[in-house]
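Chemist: sequence unavailable; structure follows:
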């Protein structure tokens, strides 16, 4: 399959995990290089998406990236809730204080849960 040469602004924003408004701000600030098509729409070279992602434009580089199978989709008005069963092995690494380790009494072999704190969870295919 031939490698993609450019993205529309909306496609580039989606690939970067940012809003279209953020992409527009980045363009005005010179943080991302774009060009305009005949209809004056922003076009983003694939090389810019790759540069900002730090590698392959089709793969997110975030460490909290878990592949899985969609278990449930609930749609209510403008929002939708997607539940994903993680199917790949995952390893979570956390940096916590010594006091927290002592307070929890953590030791090798204990059962524990890792919680990923984020402002949003994105879904990709």
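Modeler: Sure thing, it's come through. Predicted, not measured: the structure shown is a model, and the values here were computed from it.
Chemist: neighbours of residue 6, how many?
Modeler: Neighbourhood size, residue 6 [other Cβ atoms under 10 Å]: 16. The C-beta positions use only the backbone N, C-alpha and C, and glycine is treated the same way.
Chemist: helix or strand: which one has residue 27?
Modeler: Per DSSP states H and E, residue 27 falls inside helix 20-29.
Chemist: tell me which other helices or strands the following helix or strand past that helix touches.
Modeler: Following helix 20-29 in sequence order, the next helix or strand is strand 35-36 (DSSP H and E). The contact analysis (3 or more Cβ pairs under 8 Å, 6 or more residues apart in numbering; DSSP states H and E) places strand 35-36 against strand 42-45.
Chemist: against which helices or strands is the strand it packs on packed?
Modeler: strand 6-8, helix 9-16, helix 20-29, strand 35-36.
Chemist: tell me the strands beside that strand, with direction?
Modeler: strand 6-8 (antiparallel), strand 35-36 (antiparallel) (DSSP bridges).
Chemist: ok, and what's touching the longest one?
Modeler: Contact partners of strand 6-8, identified using Cβ atoms under 8 Å, 6 or more residues apart in numbering, comprise 15, 41, 42, 43, 44, 45, 46, 49.
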